[in-house]
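Colleague: give me a model of this one.
(chains A and B)
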2 protein chains.
Amino acid sequence: MTTAGARQPQAGAGQLLELIRTGQAGTRAELVRLSGFARSTVAQRIEALLRAGLIVSTGGADSTGGRPAETFAFNRTAGVLLGADIGGSHTRIAVTDLGGEVLAEDEADLDVADGPKRVLGWVRRRFTRLLRHVGREPADVHGLGVGVPGPVESGTGRLVSPPIMPDWDGVVVPGWFAGDYAAPVVVDRDVNIMALGELRAGGHDATDMVVVKVGIGLGCGLITGGRIYRGAQGAAGDLGHLHRGGDEPCRCGQTGCLEATAAGWAIRRRLNQHGYEVNTSADIVRLARSGDHRTVRLIRQAGRLIGESLADVVGLFNPAIIVVGGNLAGAREPLLAGIREVVYRRSQLLASRDLRIVPSTLGHRAGTIGAAMLVHDHLYDPHRVSTALA
Amino acid sequence: MTTAGARQPQAGAGQLLELIRTGQAGTRAELVRLSGFARSTVAQRIEALLRAGLIVSTGGADSTGGRPAETFAFNRTAGVLLGADIGGSHTRIAVTDLGGEVLAEDEADLDVADGPKRVLGWVRRRFTRLLRHVGREPADVHGLGVGVPGPVESGTGRLVSPPIMPDWDGVVVPGWFAGDYAAPVVVDRDVNIMALGELRAGGHDATDMVVVKVGIGLGCGLITGGRIYRGAQGAAGDLGHLHRGGDEPCRCGQTGCLEATAAGWAIRRRLNQHGYEVNTSADIVRLARSGDHRTVRLIRQAGRLIGESLADVVGLFNPAIIVVGGNLAGAREPLLAGIREVVYRRSQLLASRDLRIVPSTLGHRAGTIGAAMLVHDHLYDPHRVSTALA
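Modeller: Numbers count the residues shown, from 1 in each chain, chains lettered A, B, ... in the order given. Sure thing, here's the model as predicted:
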């Protein structure tokens, strides 16, 4: 951040990188025109960005005559990003280039309740293996993004009283990676990284989105004006614990929460009561895909209950699109049909006329791509770039 | 807006005005340091801003020695803004300085269902009178902000199928003022201007706010990250028509909406069924303040019902503060107590621990001040200023 008294010799370098990175400008003349900076300022900042390896010169551009102008491009192969999507019962990781393109990935069934040592230990070991696999060194890692299924203190990456992961309370996630990488680690809720992934790489063409994660747990990420909306304490999007009435006990300690009747853990409990042997959301999806009537009925009913709360979300937030992801979204039609049925019936015309309700396009990768984009946004924040080069 | 190919001789003038207007910078040296612009660029833009009358030179600043540096300030008395807050049954207007300080105001009971001719006719006539009263000419008006109790197409200021004001469908509000003032007219929903007023002038010290308007109708304005959040079609904040169950018919044509049991019109209907003679929210507030048991009970119960929906808002949106305004907020304790009782009981700890639920600090003025701030933000948008001076 800029402080009022500080000198900033590279002020504006971050804005120029943004113009180059997003394809808005490639030549010095375009950078001068779009930034409003002096020609000499642009020249100095370009030098600093080239020296830092953040951009490369790609030679002459198409020109209408005379000497072709030199063009610059974002150097997305200068390093890699690491993304981890830690879910309640399953964890996925990926190595991406600096633009968020997945180069290699891995996953495992890990119960987050087993604690940080087991889960983050696995993540650390497998990151090392994946890096070797793509021929990169720890020094090539520019940043790590991590999603966790609980509330995170922004800035520090510390878990704050996470209801379903008691052993993680107070854990500062970045500290676990400090010995492995000399790179920033950014941490956010799992639903937020998933929403960021769908926003950036999902091809949905919307800036006001709700991304619902239906797995063993239930939550949503809110995107407003093209940014993650976290709320005052980072607790926004707590869809699973909206009060829906009834006296079904919830795992949070209250009764009548949406999760208590519509989350994967509630469906699992119901199926096991009827003699099934179900452990993971994958088990539930398998049953649904095999056409098991009871499972299909339970998922469709969960979709309807989720739809009731999403109708409220539509009335309050008026999103352009609702993206349905998470492991139970693998059951597709019964879940989506239940949600659509209720949302379209309950919502006011203006808010629902153009509303799209669609499955996740990134599927299982939404979280890891989003985690990489989270640290990407941190690294290439215009202020941060300017300050880092100053 | 900047287009990729356009030359912008005054690019950056808007950012400099912003630094001056918000008190971040006063001297040329501060402007150079905080903007990152070249000294010559800052000098040219300062000239243009002085010529346009947007800033004034206020003489030398305190200095550590030598000739004191010239300082610049926003010229808030260079003109006036007009703000109109058109409610369902009551309309208020104000003349403010360019910073949004109220200079004169007026109000009347006007039923919005009487149509645009009657309501906007009154607004136009009274604006003329108020301007004379403060010794200003129509040419001094730099902009008009208008709030209306229905959905507005952003950009054009056209009403779109407003449920409670059928005669207004398709009405382009700015057109009604085109003959009076050669100044921009910006239109938004009544709940949004109220929220903007509380954000800027309410002294709440929060950037994530929910501002509830409880009057004859019921709705809320959402502030996220210090900006009005409108949603994809401008329909966000439709609190009154969240589905709460039951079969009470709502004035929107559906059944079971929150409004049908908790809005002023529902309380009025109930009181009149019991032989009271109640027309406006002022009548209801008068009864409550006189200690009429039935009225107090109905308002407290409305507060509880509104609280149920606000608990959902808290879970989804995690605001730092809920501000309760609108005419029925004049009943104070019974309404606030009902809301607080349910919100704090129903909300998860993390989202409610630091949540404040407070009455509006601007009271009846929240809407008109917010309307003035709406056009203020439009006029002094950095891009717009730069383009206007170019």
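Colleague: is the spatially most central residue of chain A in a helix, a strand, or coil?
Modeller: The centroid of chain A falls nearest to residue A:193 when counting by C-alpha atoms, centre = their mean (1.6 Å). Secondary structure, DSSP: H, G, I helix; E, B strand; the rest coil: residue A:193 is helix.
Colleague: which residues does residue A:216 contact?
Modeller: A:87, A:88, A:89, A:263, A:264, A:265, A:268, A:280, A:281, A:327 (C-beta atoms under 8 Å, 6 or more residues apart in numbering or on different chains). Bear in mind the C-beta positions are built from the backbone N, C-alpha and C, glycine included.
Colleague: what do you get if the cut-off is 6 Å, keeping everything else the same?
Modeller: A:88, A:89, A:264, A:265, A:281 (C-beta atoms under 6 Å, 6 or more residues apart in numbering or on different chains).
Colleague: how about the helices in the stretch 201-350 of chain A?
Modeller: Along the stretch 201-350 of chain A, the stretches classed as helices by DSSP state H, counting those that start in this stretch are A:259-262, A:264-273, A:281-289, A:293-317, A:333-346, A:349-352.
Colleague: buried set for the next helix or strand along the chain from the last one?
Modeller: The first helix or strand that comes after helix A:349-352 along the chain, using DSSP states H and E, is strand A:356-359. Along strand A:356-359, the positions that meet the burial threshold by neighbour count (16 or more other C-beta atoms under 10 Å in any protein chain shown) are residue A:357.
Colleague: strand partners of strand A:356-359, parallel vs antiparallel please.
Modeller: strand A:321-325 (parallel) (DSSP bridges).
Colleague: buried ones in the partner strand?
Modeller: Applying 16+ other C-beta under 10 Å to strand A:321-325 flags A:321, A:322, A:323, A:324, A:325 as buried.
Colleague: quick one: the closest residue to chain B within the stretch 151-300 of chain A from residue B:207, how far?
Modeller: Nearest to chain B, among the residues of the stretch 151-300 of chain A, is residue A:231, at 2.6 Å (C-beta to the nearest C-beta). Distance check for residue A:231 against residue B:207: by C-beta to C-beta, to the nearest Å, it reads 11 Å.
Colleague: how about residue A:260?
Modeller: 33 Å.
Colleague: quick one, which of these two is more surrounded?
Modeller: residue A:260 (24 against 15; other C-beta atoms under 10 Å in any protein chain shown).
Colleague: what residues are up against that one?
Modeller: Contacts of residue A:260 by C-beta under 6 Å, 6+ apart are A:248, A:250, A:266.
Colleague: what do you get if the cut-off is 8 Å, keeping everything else the same?
Modeller: A:246, A:248, A:249, A:250, A:251, A:266 are the contacts of residue A:260 under C-beta under 8 Å, 6+ apart.
Colleague: check residue A:187 too.
Modeller: Residue A:187 neighbours (C-beta under 8 Å, 6+ apart): A:145, A:146, A:147, A:148, A:152, A:157, A:173, A:174.
Colleague: do residue A:261 as well
Modeller: A:244, A:246, A:248, A:302, A:305.
Colleague: can you give me the strands for chain A?
Modeller: A:55-60, A:70-74, A:80-86, A:91-97, A:102-108, A:141-148, A:152-153, A:158-159, A:185-189, A:209-214, A:218-224, A:227-229, A:321-325, A:356-359 (DSSP state E).
Colleague: end to end on stretch A:100-113, go ahead and measure it.
Modeller: 29 Å (C-alpha to C-alpha, to the nearest Å).
Colleague: could you measure from the residue nearest to residue A:390 when sequence neighbours are not counted over to residue A:78?
Modeller: Spatially, and ignoring its direct neighbours in sequence, residue A:390 is nearest to residue A:10 (4.5 Å; C-beta to C-beta, 6 or more residues apart in numbering or on different chains). Separation of residue A:10 from residue A:78 (C-beta to C-beta): 18 Å.
Colleague: the more surrounded of these two?
Modeller: residue A:10 (21 against 15).
Colleague: where in chain A is pLDDT low?
Modeller: Low-confidence segments of chain A (pLDDT under 70): A:1-9, A:60-67.
Colleague: so if we follow the domain assignment, how does it break up?
Modeller: A:13-75, A:80-194+A:367-379, A:204-360 (automatic domain parsing).
Colleague: could I get the contacts of residue A:216 in JSON lines, plus columns for neighbour count and distance to residue A:309?
Modeller: Below are the contacts of residue A:216 laid out as JSON lines (neighbours: other C-beta atoms under 10 Å in any protein chain shown; distance: C-beta to C-beta, whole Å):
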{"residue": "A:88", "neighbour count": "25", "distance to residue A:309": "19"}
{"residue": "A:89", "neighbour count": "21", "distance to residue A:309": "22"}
{"residue": "A:264", "neighbour count": "26", "distance to residue A:309": "16"}
{"residue": "A:265", "neighbour count": "21", "distance to residue A:309": "17"}
{"residue": "A:281", "neighbour count": "27", "distance to residue A:309": "19"}
